[in-house]
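Asks: below is the sequence, then the predicted model.
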Amino acid sequence: MGVKENEDLRKQLKSEQSEYYVAKKTLLDLSLRDKNIKGIDAKSFAGRVAIIFGYQDEVAPAKIVDKFSREHEDKIEFIGGILENKYIEKDEIMALAKLPSRIELYAKLVGSLSAPMSGLANALTDNTRKLVYALNAIIDKKNS
């Protein structure tokens, strides 16, 4: 990647409380071994390896890199990831990238929880409204 592309990716990641570092494969292997994460051998990867850390939303870095890789073909690709101290394959990272963001999921949850309550409120006010209309019709009939 060129400097401009590199800085663009860093800015996108920083806006989502994430960051990335290019790491030496030997140091990456030592870190993984120290954290007891199995199933990954950084020395077997071709080319440079970058590590992306997501500090707030687990899905945001995957979404950003997925979008960036589609916009800049052959510049960056997923190898895998670590989620909850477990190595996950490229396919699982791609599936994470397609998930809605945490805020979108919260909004859907709140909408789902509030729908029955708003339906009940509408039903109760509808019956009251009908009663008021009926009483007004009776008053109008008596007055005429």
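Replies: Received it, and whenever you're ready, just let me know what you need.
Asks: isn't residue 9 right up against residue 69?
Replies: No - at 9.8 Å, residue 9 does not count as touching residue 69 under the criterion of Cβ atoms under 8 Å. Every C-beta, even on glycine, is put in place using the N, C-alpha and C of the backbone.
Asks: more neighbours: which of the two?
Replies: More crowded of residue 9 and residue 69, by other Cβ atoms under 10 Å: residue 9, with 21 against 16.
Asks: quick check: which element contains that one?
Replies: Secondary structure from DSSP states H and E places residue 9 in helix 3-15.
Asks: which residues are contacting that helix?
Replies: Helix 3-15 is contacted by residues 1, 19, 20, 52, 61, 64, 65, 68, 72, 75, 76 when judged by Cβ atoms under 8 Å, 6 or more residues apart in numbering.
Asks: over to stretch 92-106?
Replies: Residues outside stretch 92-106 that contact it (Cβ under 8 Å, 6+ apart) are 57-60, 62-63, 65-66, 78, 80-81, 83, 108.
Asks: would you list the buried entries among those?
Replies: Among the contacts of stretch 92-106, those classed as buried by 16 or more other Cβ atoms under 10 Å are 59, 60, 62, 63, 65, 66, 78, 81.
Asks: from the residues you listed, which one has the minimum pLDDT?
Replies: Lowest pLDDT among the buried ones among the contacts of stretch 92-106: residue 78, with 76.
Asks: give me the element it is part of.
Replies: For residue 78, there is no enclosing helix or strand under DSSP H and E.
Asks: quick one: the helices in the protein?
Replies: For the chain, helices defined by DSSP state H occupy the ranges 3-15, 25-34, 60-71, 90-97, 102-143.
Asks: closest to residue 140 out of the contacts of helix 3-15?
Replies: Here the nearest of these to residue 140, counting by Cβ to Cβ, is residue 64; it sits at 64.2 Å.
Asks: what is the nearest of the buried ones among the contacts of stretch 92-106 to residue 131?
Replies: residue 59 (49.2 Å).
Asks: alright, that wraps it up for me.
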